[in-house]
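> need coordinates for the following:
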Amino acid sequence: MRLTFDKSEHAAAALLIDCGFEEDLRDTGDLTSAALIAESDRGSVHVVARTEGVLAGEPIAHMAFERLDSAVTWETQITDGSPLDVGAVIAIVSGPLRSLLTGERTALNFLTHLSGIATLTRKFVDAAEGTQARILDTRKTLPGYRVLQKYAVRAGGGTNHRLGLYDGVLIKDNHLAAWCGTDSGRTIADAIARARENTPSGLSIEVEVDTLAQLTDALEGAPDIVLLDNMDCSTLRDAVALRDTAAPAVLLEASGNVSLKTVADIARTGVDRISVGGLTHSAPVLDIAFDWPDARPTGGIE
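I've put the predicted structure just below:
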């Protein structure tokens, strides 16, 4: 998938950047930099990877300095989606020292968080290599960050699931429980048919099942995708065989308790998709820092 940073990502980034600076600066500004650094002082800093990983968020860090001070220049050295070695210089940032110091943490917060997501995603994608299974994210994202976190998943080689409740139907167990509550005779296939009647054409219809009996019911409704929730690998293989016989055009998605230890075995069952909430809700940050010129104060400070 070609990686693009489009208008939706740009708009989401602008809102979060402004929020970050509001949290840091309020009406007073950067008191520490103002107290120690002259307005006329200028310099340059390298944005450097301290650990191996995959880069995501470089355009957002760049945007942060653009919005903070137009006198700052950002020279990109490595683009999003690229692997990072220890010591790799991601960008060179130059301009007023006060602005470089003021924007440092906001820029790094985006880079470390999103690069962490991209790095973890790449590990899952690599683990599933050699199979037909694609690695997908979920809606388990931070409010306001969803567009950017899903962008980071793409930077790591993953695939985006639906963005929200508005761009695709996913009939989960709670939907079925609520829908069947007034009529116990309703089936999963009935729910799929009702959803298709009331959903704009072109949008996918997906339904969640927990058992092979539910899968049989679901396949009779010919959904686009069936989500196989918390099934072990033996059951997943049986589900794939059942799908191949009854409705080969339907995609199967495994989900639930997927980890780096289990994803390769899950992928080898023959499922088409594996969704992993941990890509966005549990990715550790990637260590990225500003390397300043080696100018240290004397007096025993280490």
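> and the helices in the stretch 151-300 of the chain?
Remark: helices assigned in the stretch 151-300 of the chain by DSSP state H, counting those that start in this stretch are 173-180, 188-197, 212-220, 233-246, 263-267, 278-281.
> for those, which one sits closest to K140?
helix 278-281 (4.4 Å; C-beta to C-beta). No exception for glycine: its C-beta is placed from N, CA and C like everyone else's.
> show me what the closest one is packed up against.
Packing partners of helix 278-281 (3 or more C-beta pairs under 8 Å, 6 or more residues apart in numbering; DSSP states H and E): helix 97-127, helix 146-155.
> try 6 Å this time
helix 97-127 (3 or more C-beta pairs under 6 Å, 6 or more residues apart in numbering; DSSP states H and E).
> residues making contact with the helix or strand bottoming out on mean pLDDT in the chain?
For the chain, counting by mean pLDDT, DSSP states H and E, helix 173-180 ranks last in confidence among helices and strands (a mean of 89). Here helix 173-180 makes contact (C-beta atoms under 6 Å, 6 or more residues apart in numbering) with 186, 191, 208.
> apply 8 Å and report the result again.
Under the criterion C-beta atoms under 8 Å, 6 or more residues apart in numbering, residues 186, 188, 191, 194, 208, 210, 229 lie in contact with helix 173-180.
> what number of residues lie near the nearest residue to the fourth one once chain neighbours are set aside?
Of all residues beyond its chain neighbours, the one nearest R194 is W179 (7.8 Å), with distances taken as C-beta to C-beta, 6 or more residues apart in numbering. By the other C-beta atoms under 10 Å criterion, the neighbourhood of W179 contains 16 residues.
> and for S184?
S184, neighbours per other C-beta under 10 Å, totals 6.
> give the contact list for it.
S184 neighbours (C-beta under 8 Å, 6+ apart): none.
> measure it to L176 for me?
Distance, S184 to L176, using C-beta to C-beta, to the nearest Å: 11 Å.
> A133 now?
25 Å.
> the two: which is more packed in?
Comparing A133 with L176 by other C-beta under 10 Å, the one with more neighbours is A133, at 25 against 19.
> walk me through the domains of this structure.
Using automatic domain parsing, the domain parsing of the chain gives 7-119+284-291, 126-281.
> and the last one, how far from the chain's centre?
Offset of domain 126-281 from its chain centre (C-alpha atoms, centre = their mean, to the nearest Å): 17 Å.
> first-to-last residue distance for that domain?
For domain 126-281, the first-to-last residue distance is 20 Å (C-alpha to C-alpha, to the nearest Å).
> the first one too?
Terminal residues of domain 7-119+284-291 are spaced 31 Å apart (C-alpha to C-alpha).
> any idea of the mean pLDDT for it?
Average pLDDT, domain 7-119+284-291: 97.
> what's near enough to touch the closest residue to L252 other than its chain neighbours?
Closest residue to L252 apart from its sequence neighbours, by C-beta to C-beta, 6+ apart: V271 at 4.7 Å. For V271, the contact set (C-beta under 8 Å, 6+ apart) comprises 133, 228, 236, 239-240, 252-254.
> for these, work out which two are farthest apart.
Farthest-apart pair in the contacts of V271 is A133 and A239; separation 13.3 Å (C-beta to C-beta).
> P293 contacts G43, doesn't it?
Yes. Under the criterion of C-beta atoms under 8 Å, P293 makes contact with G43 at 6.7 Å.
> would you mind telling me which of those two has more residues around it?
Per other C-beta under 10 Å, whichever of P293 and G43 has more neighbours is G43, with 15 against 9.
> the more buried one: what secondary structure?
strand (DSSP: H, G, I helix; E, B strand; the rest coil).
> specify the beta-bridge partners of it.
Beta-bridge partners of G43, counted by DSSP bridges, are G95.
> so who does it touch?
Neighbour list for G43: 94-95, 97, 100, 292-293 [criterion: C-beta under 8 Å, 6+ apart].
> ok, of these, which one's closest to F21?
Proximity of the contacts of G43 to F21 (C-beta to C-beta) peaks at L100, which lies at 14.1 Å.
> count the residues that sit near the closest residue to that closest one other than its chain neighbours.
Nearest non-adjacent residue to L100, counting by C-beta to C-beta, 6+ apart: V45, 5.6 Å away. Neighbours of V45 under the rule other C-beta under 10 Å: 19.
> that'll do, ta.
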